[in-house]
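Asker: Provided below are the primary sequence and the corresponding predicted coordinates.
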Amino acid sequence: MRHVGVIALLVLLGLAGLSTPSRAETGQVAVVFTKGGFVLGVGGGEGVLILRGKRYPFTVSGMSVGFTIGASTTKFVGRALNLRGPESIEGSYSAIGAGGAVAAGAAGVQLQNANGVILQLSGPRIGAEVSAAVGGVTIRLR
């Protein structure tokens, strides 16, 4: 009989350890980013995260060091994956996976921050810029 009590206690403890973690969500993102420079590229812009039907405006700043000549404006749209609430979109992002030009006049990029949020963005590029370096991008909610 004593073994049954011990087994029941272990089962209950095991079930308590299986508590459901908060679920990651996916939001929609739109960003307008302008960049320009010669050798040192500096850019900035603004965007909006749409999550659960609510809009969360944010600012974007970024810099790339390396071969950069010219100026461009890119209007990105895409998804924000692995969100744990709107504030998890904040932070510094770096490029992951294959990025760069998707097609003539278009750009695509995949970025990730320390919170595990992944931005999958694509959109048309307006202007002429040649860049051989992708630097960090920082997002802050307004």
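Answerer: Looks like it came in fine. Here the structure is a predicted model, which means the values were calculated and not measured.
Asker: What residues sit buried inside the host helix or strand of residue 60?
Answerer: Assigned by DSSP states H and E, residue 60 falls within strand 54-83. For strand 54-83, a neighbour-count test (16 or more other Cβ atoms under 10 Å) marks 56, 58, 60, 62-64, 68, 71-76, 78, 80-81, 83 as buried. Placement of C-beta: from N, CA and C, glycine included.
Asker: Listing partners with orientation, what would you give for that strand?
Answerer: When sheet partners are counted by DSSP bridges, strand 54-83 sits next to strand 25-51 (antiparallel), strand 118-131 (antiparallel), strand 137-141 (antiparallel).
Asker: Quick one: mean pLDDT over the very next helix or strand once past it.
Answerer: With elements assigned by DSSP H and E, the helix or strand that comes after strand 54-83 is strand 91-95. Per-residue pLDDT over strand 91-95 has a mean of 89.
Asker: Report the inter-axis angle for strand 91-95 versus strand 137-141.
Answerer: If you take axes from the mean of the first three to the mean of the last three Cα atoms, to 10 degrees, strand 91-95 sits at 150 degrees to strand 137-141.
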